[in-house]
Structure formats: structure tokens, C-alpha cells
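Q: Generate a structure from the sequence data that follows.
(chains A and B)
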2 protein chains.
Amino acid sequence: MIEKTEALERLLQVGIALSSMENLDSLLDLILMEAQGIMSCDGASIFLVENNKLIFKAMRSGTYFKMWGEEKTRAIFKTFEMPLTKNSIAGYVALTATALNISDVSRIPAGEQYRYDHTLDERYGYKTVSLLVMPIKNKQNEVVGVLEMINAVENGKVTQFSSVDTEIAESFSSQAGVAIQNTSLTEQLREANYDTIFRLSVAAEYKDKETSNHIKRVSFYARLIADRLRYCSEDCKLIFWAAPMHDIGKLGIPDAILQKPGPLSPEERKKIEKHCVIGAKVLKDSKVPVILKSKVVALTHHEKYDGTGYPLKLKGNEIPVEGRLVAIADVFDALTSKRVYKAQLPEDQALKIMKEGRGTHFDPEMLDCFFDSIDDVSEIRSRYEDKAEDIDRLKEVENEDLKELLK
Amino acid sequence: MIEKTEALERLLQVGIALSSMENLDSLLDLILMEAQGIMSCDGASIFLVENNKLIFKAMRSGTYFKMWGEEKTRAIFKTFEMPLTKNSIAGYVALTATALNISDVSRIPAGEQYRYDHTLDERYGYKTVSLLVMPIKNKQNEVVGVLEMINAVENGKVTQFSSVDTEIAESFSSQAGVAIQNTSLTEQLREANYDTIFRLSVAAEYKDKETSNHIKRVSFYARLIADRLRYCSEDCKLIFWAAPMHDIGKLGIPDAILQKPGPLSPEERKKIEKHCVIGAKVLKDSKVPVILKSKVVALTHHEKYDGTGYPLKLKGNEIPVEGRLVAIADVFDALTSKRVYKAQLPEDQALKIMKEGRGTHFDPEMLDCFFDSIDDVSEIRSRYEDKAEDIDRLKEVENEDLKELLK
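A: Below you'll find the predicted structure:
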């Protein structure tokens, strides 16, 4: 049991902490940890309501963590779904949008619609006595989840939750609800932006690539190198999402050059090299970090370390980091992929050519990182292989089910 | 002066309210309103720190609102910038990251670095006495703004702020700081997504449009109609941001057809009509609302109300709303724009053709809304006119300053 003013002060701190989380999983864990602390209980778990189901998302438990450690406990209590009905305690709370303070789960009156499921307790030798179960509501007052606090503890002994606990838990659940909604919104917006970047990058290469996998592979390779170079996770992410747009300027190159099966004439080569500048023009003057980074990638991914690349003939560290990174990823993928004008090379031959470019075409340190990650590179290659069934899938529009597309 | 437990309970409510705002301006106004209420003061104003300057963003004032009303007061106290130095009170608080509780601004000791600027008080006949000025910090503990509370009021008389006020204001400023940061992040993410959509839509029309203004005009026209039809603001926004991608499938159409100066043969026409299906394929299987809506627009913006359009030959209300809307916007813009294969029509002739399509090509109700908004349509037309200096600006890459692009 907790003293009220003290609890209020703590809730204020917690509100700020919850609002500061940008990742849903970390937020849910923080909610559980604070619930354990504020309501002084042994365990806590959280369900989210999705598509008319209850999804068990996360739990913390003093007893299990002590017995097995956090990692093992989490491995045992993995996420699962259950039907959203009034038969379960969590389902009842979600559907009625009211809190339940149960002093002893073994004495739930026979007349209640819900009952306690003893399965897990019996399996793992735990004894749940008291429960405080709160609906979590969003800003529109819809129930989006359920927070369960398990076994109130006072002076080391299991007891029941007090009415002050219920009151405090209500404020806490409101804070949790808004934080969950905000974090989900942020995650959705990020995802929306990445989805847009990816789709339109694929669209831009519609005419000269046969599947959308080139873009995926280049992004993953570039991130591998950035990881190896120990860039911070924010920079690794930025590079991952800027890399897809490296060839966006191909949109401005005539079909006759882009799709030519044989080698290009010097004038044609000069024209195709313009794709770097066209891409940078399309992406310039943005305030958005990922677009700004993309502009630099588009402009500089054909520069070479010895200054013989294009369009700026930059040398060594004059070439921006992201351009040097994507150059390695892009060339390796080009060598190991089939294109309209060439066959693909086996990996060992491709790597030999890459190595020959160390210090001339490629930044030597970055190339070393690429070679150090070669197992991951191969894994990515096979995960995003250009499969026969994907080839021309993008271009095959005759047999598309239009009614299906309309949905 | 406020009683502490009561204040804490109120702050908890406020924290949730602040976290619920999705728009920065509304959030700042709510912060000011709550500051007035909780700290019982006549006025409050808020500065944000941006680019090493203090930006006066918003204010509320019991006295001025009573005297002039809200609208006039806001018109008088518009946003302005001031240098970030320790000479001003707000600047001092921002730079030292510490609160100031000033009981009487006319008695600031001579030794202090800051002084009170009486200019506005003298101009408008107000008398500032007490000030409580708080730094607003973000999650990284950086000062992002300053909250000023002006003239504490008790029993109708101006008094000074108490130490409990300072304590409560500190919690409140922390809540405000996190809320400002979250709302700014959400706004940035939305903007990032819109920027990406717009840039890549422009890129997709690189080969058959001479400026990027077609996309802007079509989006604005479509939103006008949606507004007139009294769609909710969320739907209007979605249509505005889905419209740019209507011709994304043009990416898949051969240059020879897309850029042909004369009329198209029946086979060529059939090929170009595929851009609807290609666009829908590029955009399908997304979970992102704006991409989903774009897919429907791409697929159905060439359907006609009488069932003679393509590719699905849908009729009347079988055609999704967003397809019917963009059809009107797109056709009107095509008629009134110059293209490689045709001159532009004067507005009256274009409108005559539009009217002839009422109930055959176009949804009659939507077309009526379009005609009802004709003044706004003309305004948009002239605002986003295809100007001579913009034409080929997109394609002109020879004279681009590459070093400038690199920045």
C-alpha cells in the first residue's frame, strides 16, 4: 500500500518517463516495471487489444526473475493470443472497461462471468492470490489493452490491493494508455515513411531491374558496413533508408540507353552518368534528414576513392561517408546480379574484383569491414535472392486481378 | 497560491491532456491555458529556442483578452524573434537553465545581468509586477523553450508567486517539454512522409511533365472538392496526399509512347492505359493508409461515371470516391495545361468541356462541388502556374552547381 502524495509525485515522474519512450517494446517493459514499483506487487503483465483479440505482450515477475533470470522467464512467457471474451479476467476488464480488484483468485464468486485460469500457476509452481486488473484506454476512451498486477506485497507477504492502489493504478493506466498510443503513432509514421521510400525506390528502377530485391540488398549491405564501422544506431538507420534512393535519377534516363542490351557508346555513357545529378536534383532542398542523406548518396555513389569517379571526381575522404558506403554495396550487388546486358558472377570472382578496387575504387577501411562481414553478406544475398518467380512479377500486369487490386 | 496535493492531481490530468495534442500550436495554447489555471496568474507566454534565437510563439492574457478579445490580442502579439542573450529575462533563463521567481520586475537588483523590458507594458498600458519564468527542457535535458507566467493573482489582487508555485511549475514545465518534443517529432515525421511522397511523385512524372506543378494543382483541386463535400479533415488530408501518386505507374510506360508528340495508335493507347494497373501494383499490399488510398487513386482515376472508362469499367458509385475526385482534378488540369502533344485551353473552354462530362465522365455531385469552388480553383491555378522559368528546370542538369548539391 502506498501513501497518496508520494504516489502522485512518483506518477508525475513516471508520466514524463513514459512519454519519453520511442519504442513500443521498451515502453511496455517500463510500464510493467513502474507498475510493480508503484503498486508494490510481485508481478505484472500487459495485454493489447488487436483485431478483436487479446495479445499477451509482456510480463515481469519478481519470483520468476529470481528463479530463472529475466531472459529465461521471457523465453517461457512468450507472446500469445487469446479470444476477447468475458470468460477470462483480462477479457472481462477489456470488454466492460472497468477495473477489477480481486483479493483472492481462488474465491471468485460463482456468479461472476469470468474465472481465473490456474494452468500457468500449476505448471510453474506459482500461487497467484490477489489481482488488480486495469483497462488501458486511449485518448478516444477506447480500451486498447489490459494491465494486470499480480500479488500485492507488504512486508514481504502477499496481501490484497488497497483502494488507494486502485485509485493510483487508474491514473497510471491513463498515462500508460496515452503513452502507448503516442508511441504506436510514432512507429506507424516511421513505418509509413519507410514504406513510401521503399515503394517509390522500387518504382524508380522499374525499367532496368527485374525484381525489387536489388534495393533491399544494397540497403542491407550498406548497413552491415556502417554497423562494422561502429556508427551509432541512428546513423546506421539513416544509411539503411537513404540507400534505396541511390538510383532514383534513373527515372530521367532514356529507355534506349537504360535498356540497351550491348555496351554503351561514350555519349550514351555520359548520358547515363547524369542519373547522379538528376537524383540529387529531385531530392535537394529538403528539411527531412533521410531525404538529405539520400541526396548525397544519389550524387556521390559513383565517385571513386582515387578520384576517377563521377560526377564530381572527389577523392578519398572528400567523398561523403554515405557515398563511399553505398558504392561498395551497389557494385558488389551489380557484380553478383544478372542484368539485361550481363550475366551474374559467382561470389568468389565478384569478391576478387572488389578486392582489386581496394584504395582505388573503394575506401580501404570500409572495404575491409565489408569483407569482415562476408558471412552476413552471403546470408543477405540468399535471403533476398532474385528468384525466378519474382522476375518480371513487377512488370507482369496482364494477368493481374484488378478487382483484387481495388480492395 | 495552490495546495500541493490538489496541484499534483491536476498535473496528472494535465500531463495526459498535453500528451494528447497532435498539433504544436494547439499544444502551446493548452500549455499556456493550464499555466494560467494552475499557477493562478493573469498571463502566460511561451518562447521556443531555435537556431540560437528566442522565438516568441504564443501568449494568453486575462487582462488583454477581456479588453480586446482573443483574436485581436493574438493579432497584436504576433510571433517575433529575439537574440538569445542573458540581457533579457527569457534569454537568461534559457541560457542558465534555471527558473526565476521575480516578485517585482521594477525592483530587479542592479547587479543582475538581465533586466525587464517595459516597452510593451508602456505601449499597451499594462503593469507587469511578478514573474515566474521556467526553462522548458527536452528529454535530453536541453533547454528548448521558456515559459513565462505573469502577475500571480490571489483574491483578485496581483501578488507574488510562492515557492509551491515554483515547485509545481517545475513539474509542469517538464511535462510541457516532453509534450513539445513528442508533438514536434510527430509533425516532423508527417512532414517527412509528405515530402517523400511529393518528391517521388514529381520524379515519377519526370519524363512527361515539364514542371512539378501539375501534381500540386491536382492535389489542391481534389482537396477543394473533398472540402465542399464536407468530408472530415482526416479524409481531406488523405486525399490530398494520395492524389500526387495518381500517375506513378507512368514509370512503367515506354518513352516512345509517353513522349510521342502526335496522337497515339490504338495499341499505343492500350499500352499507356496500363499505367493505372502498374501504379496499383507498385502501391499494393501496404499497411499505410495514405499508400492504400493512393493505390485506389492510381487504379481508378481513369474510370468514367457512365462505365466507359478504364481499366475496370466501373460505373457510378462503384468507382471509389477518391478515384472520382481525382478524375475531375486531373482532367481539368490536363485541359488547362500545355503538354508536349497539345496546347493549353483557356479556362472557359475547359470548363465547358468539364460540364459536358457531367454524369457521363464525372460524378455529377462532385462536379457541382468543383464548379462551386471555381474561385478557389482559379486561385490555385495562378498560384501554381507553369512558369517559363520552371519549365525544364527539372531536366536542366548541365548547369547545375554540383558542389552546391553536395551540401
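Q: all strands of chain A, in order?
A: In order along the chain, chain A carries the following strands (DSSP state E): A:41-50, A:53-61, A:80-83, A:100-102, A:131-137, A:143-154, A:157-159.
Q: most tightly surrounded among the ones you listed?
A: Ranked by average neighbour count under the criterion mean count of other C-beta atoms under 10 Å in any protein chain shown, the strands of chain A are headed by strand A:131-137 at a mean of 25. Using the backbone N, CA and C atoms, a C-beta is placed for each residue, glycine as well.
Q: export that one as CSV, just CAs?
A: Below are the C-alpha coordinates for strand A:131-137, written out as CSV (Å, rounded to 0.1, in the frame of the first residue of the first chain):
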residue,chain,number,x,y,z
LEU,A,131,-5.0,-9.3,-8.8
LEU,A,132,-5.6,-5.7,-9.7
VAL,A,133,-6.6,-5.6,-13.3
MET,A,134,-7.0,-2.2,-15.2
PRO,A,135,-8.3,-1.4,-18.6
ILE,A,136,-5.9,0.8,-20.6
LYS,A,137,-7.7,3.4,-22.7
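Q: In terms of secondary structure, what does that strand contact?
A: Counting contacts by 3 or more C-beta pairs under 8 Å, 6 or more residues apart in numbering or on different chains; DSSP states H and E, strand A:131-137 is packed against helix A:89-96, strand A:100-102, strand A:143-154, helix A:163-204.
Q: Now the weakest link among those, please, by mean pLDDT.
A: The stretch with the lowest average pLDDT out of the helices and strands packed on strand A:131-137 is helix A:163-204, scoring a mean of 90.
Q: quick one: low-confidence parts of chain A?
A: Within chain A, the segments meeting pLDDT under 70 span A:1-2, A:210, A:340, A:388-399.
Q: Spell out which parts of the stretch 1-150 of chain A neighbour chain B.
A: A:4-5, A:8-9, A:11-12, A:15-16, A:19-20, A:22, A:139 (C-beta under 8 Å from any C-beta of the partner chain).
Q: 7 Å - rerun?
A: A:5, A:8-9, A:11-12, A:15-16, A:19-20, A:139 (C-beta under 7 Å from any C-beta of the partner chain).
Q: Out of the strands of chain A, which is closest to residue B:229?
A: For these, proximity to residue B:229 was assessed by C-beta to C-beta; strand A:143-154 is nearest, at 31.3 Å.
Q: Touching the closest one from outside, list them.
A: Residues outside strand A:143-154 that contact it (C-beta atoms under 7 Å, 6 or more residues apart in numbering or on different chains): A:1, A:35, A:39-49, A:90, A:93-94, A:97, A:128-138, A:158-161, A:165, A:169, A:173, A:176-177, A:180-181.
Q: which residues touch residue A:360?
A: Residue A:360 makes contact with A:304-306, according to C-beta under 7 Å, 6+ apart.
Q: For residue A:300, which non-adjacent residue is closest in space?
A: Take residue A:300 and drop its neighbours on the chain: the residue closest to it by C-beta to C-beta, 6 or more residues apart in numbering or on different chains is residue A:323, 2.9 Å away.
Q: That neighbour contacts residue A:297, doesn't it?
A: Yes. With the criterion set as C-beta atoms under 7 Å, residue A:323 and residue A:297 qualify as a contacting pair; they are 6.1 Å apart.
Q: isn't residue A:283 right up against residue A:297?
A: No. The pair residue A:283 and residue A:297 does not pass the contact test of C-beta under 7 Å, sitting 8.9 Å apart.
Q: Overlap of the contact sets of those two?
A: Applying C-beta under 7 Å, 6+ apart, one finds that residue A:283 and residue A:297 are jointly contacted by residue A:245.
Q: one step back: residue A:323 and residue A:297: which is more packed in?
A: A direct count of neighbours by other C-beta atoms under 10 Å in any protein chain shown for residue A:323 and residue A:297 places residue A:297 higher, at 31 against 24.
Q: among the strands of chain A, which is nearest residue A:67?
A: That would be strand A:53-61 among the strands of chain A, by C-beta to C-beta, at 8.7 Å.
Q: the inter-axis angle of the closest one versus helix A:89-96?
A: Orientation of strand A:53-61 against helix A:89-96 (axes from the mean of the first three to the mean of the last three C-alpha atoms, to 10 degrees) gives an angle of 130 degrees.
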